[in-house]
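In: Got a sequence here, can you build the structure:
(2 chains)
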Amino acid sequence: MKEIIKRYKFFVILVAVNLGILAVYPFTGQKSISITWSNTLEMLSVLPPIFILLGLLDVWVQRETVIKLMGEKSGFIGVALAFFLGSAAAGPLYAAFPVTGVLLKKGSKFSNVLIFIGAWSTTKIPMLLFEASSMGWKFMITRFIINIPGIALIAYVTEKLLSEKEKQYIYDNAVTMK
Amino acid sequence: MFDVFTIILYVLTAGLLLLSFLQDRKKTKMALKKAWKSFENILPQFLSILIIIGIMLAVLSPETISRLIGQQSGWVGMVIASVIGSITLIPGFVAFPLASALLKSGAGFMQIAVFISTLMMVGIVTMPVEIKYLGKKAAILRNTLAFIFSYIVAIVIGVVLA
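Out: Reported below is the predicted structural model:
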C-alpha cells in the first residue's frame, strides 16, 4: 500500500493541480480534462497489443536469437531490423521505452535500441502516410530521406559518448527491471 | 488511416497470442503476466504524462501555437517552434493538420519542419520515462542530438521546398 502511494504520489499531485486550475480558471480546467480524457482513450486503444507483444517477445524469443539478430555483431541486419520494428509500431513514443527495456535485456546492441527509438518516433508508417496527406509528398519524402541517416547518426554518436561502464549499468538495469 | 494500422496490430497480436496459447499455455500465461507487470510498472508515469499534456495543451492551444509560430519568421521563429516542439507532445493526427493550417496562414516551411521534428524526436515531458530505461546520460544525449538534428532537417526542407 505504502509502495503504491509513493509511486502514484506525483500523479495525485498533478490531479490536484488540474482540479485547482478547474476551480480558478474553469474554461482552461475543463479543456485540459477533456484533452487528458481523449488522450487517455487514444493511449488505451494502442497500448494493449504493444504490451502483449512485449510479453510474448520476452517469453518466446531467446536471448541468443536477439543477440544474433540485433546484438553487437549483427551488423546491417540489426540496423535494418531496428528500423523495421520501430517503423511498424503504433502508439506514442513513451510506449516505446518499455519495449526497449526488453530489447536491452535480451542483448540488443545499444545503438540498435536507439535506432528503434528513432524509427518509432519519426518513421512510423501510418504517421508517414498521414504526413504525406496533410503536408504533401515532397515534404514527407524529403524528411524521410534525411531522417534515416539522421536517426542512425544520433544512435551511433550517443553510443560512442557512453563509457562501457555506463552502458553496462543500463543493461544491468534492464535485467533487474520488472 | 490510423485505425487500419491499429486493427492490423490487434489482429497480429491476437494471432500470435493464439499461436502461443496453442503451443504452450504456461508460457502464454507468463507472457500476459509480463505484459501486465510492465504496464503497471510504468503506469504512474504514463498517467502523469497524460495530465501534464492535458494542462499544457489547454494553456498552449493550437491558436496560441499558431500565434507564436505563425507570425515569427527567420531564426527567432525557428527557435520558438523548436522549443514548443520539444516541450509539447501532440499526437500526429492533431499535429499534422495544425502544421498544414500554419503553413496556409503564412508560417515558413523551415519553422514547420523544425516544429514537427522536435515534436516527434525530442520529449522533455517524457524524459523521466526515458531515463528510467536508458539512464540519465543516454536520454539527455539522445534528446540533445535530436534537437540539433531537427535544425538540419529544417534547413534541408527549406532548401528542397524553397
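In: CA only for contacts and neighbour counts going forward, please
Out: Will do.
In: count of neighbours near residue B:24?
Out: By other CA atoms under 10 Å in any protein chain shown, 11 other residues sit near residue B:24.
In: Break the chain down into its domains, please.
Out: No chain specified, so I'll use chain A. A:1-46, A:61-176 (automatic domain parsing).
In: Wait, chain B was what I had in mind.
Out: According to automatic domain parsing, the domains of chain B span B:1-42, B:60-161.
In: pLDDT weak spots in chain B?
Out: In the prediction, chain B carries residues with pLDDT under 70 at positions B:1-2, B:71-72.
In: now with 80?
Out: B:1-3, B:62-63, B:67, B:70-73, B:91-93, B:105-106, B:162 (pLDDT under 80).
In: Please identify the buried residues of the helix ranked longest in chain B?
Out: Counting residues, the longest helix found in chain B (DSSP state H) is helix B:25-59. Using 16 or more other CA atoms under 10 Å in any protein chain shown as the burial criterion, the residues of helix B:25-59 that qualify are B:27-32, B:34-36, B:38-39, B:42, B:44-58.
In: Give the buried residues for the helix or strand immediately after that helix in the chain.
Out: With elements assigned by DSSP states H and E, the helix or strand that comes after helix B:25-59 is helix B:62-71. Residues of helix B:62-71 classed as buried: B:62, B:65-66, B:68-70 (neighbour count, 16+ other CA under 10 Å).
In: hang on, the earlier thing: tell me, which of the buried residues of helix B:25-59 make contact with chain A?
Out: Restricting the buried residues of helix B:25-59 to those touching chain A (CA under 8 Å from any CA of the partner chain) yields B:27-28, B:30-32, B:34-36, B:38-39, B:42, B:44-48, B:50-58.
In: Not counting its neighbours along the chain, what's nearest the spatially most central residue of chain B?
Out: By CA atoms, centre = their mean, chain B has its centre lying nearest to residue B:120, at 4.0 Å. Spatial nearest neighbour of residue B:120, excluding adjacent residues (CA to CA, 6 or more residues apart in numbering or on different chains): residue A:121 at 5.4 Å.
In: average pLDDT for the helix or strand containing that neighbour?
Out: Element membership for residue A:121 (DSSP H and E) is helix A:110-122. Helix A:110-122 carries an average pLDDT of 96.
In: what helices or strands is it leaning on?
Out: helix A:75-87, helix A:96-105, helix A:137-160, helix B:109-121 (3 or more CA pairs under 8 Å, 6 or more residues apart in numbering or on different chains; DSSP states H and E).
In: Mind doing that once more with 6 Å?
Out: Judged by 3 or more CA pairs under 6 Å, 6 or more residues apart in numbering or on different chains; DSSP states H and E, helix A:110-122 is in contact with helix A:75-87, helix A:137-160, helix B:109-121.
In: Need the contact partners of whichever helix or strand comes after it.
Out: Once helix A:110-122 ends, the next helix or strand along the chain (criterion: DSSP H and E) is helix A:125-135. Contacts with helix A:125-135, where a contact means CA atoms under 6 Å, 6 or more residues apart in numbering or on different chains, come from A:87, A:140, B:100.
In: again, 7 Å this time
Out: With CA atoms under 7 Å, 6 or more residues apart in numbering or on different chains as the test, helix A:125-135 has contacts from A:87-88, A:140, B:1-2, B:5, B:92, B:96-97, B:100.
In: Cool, thanks, signing off.
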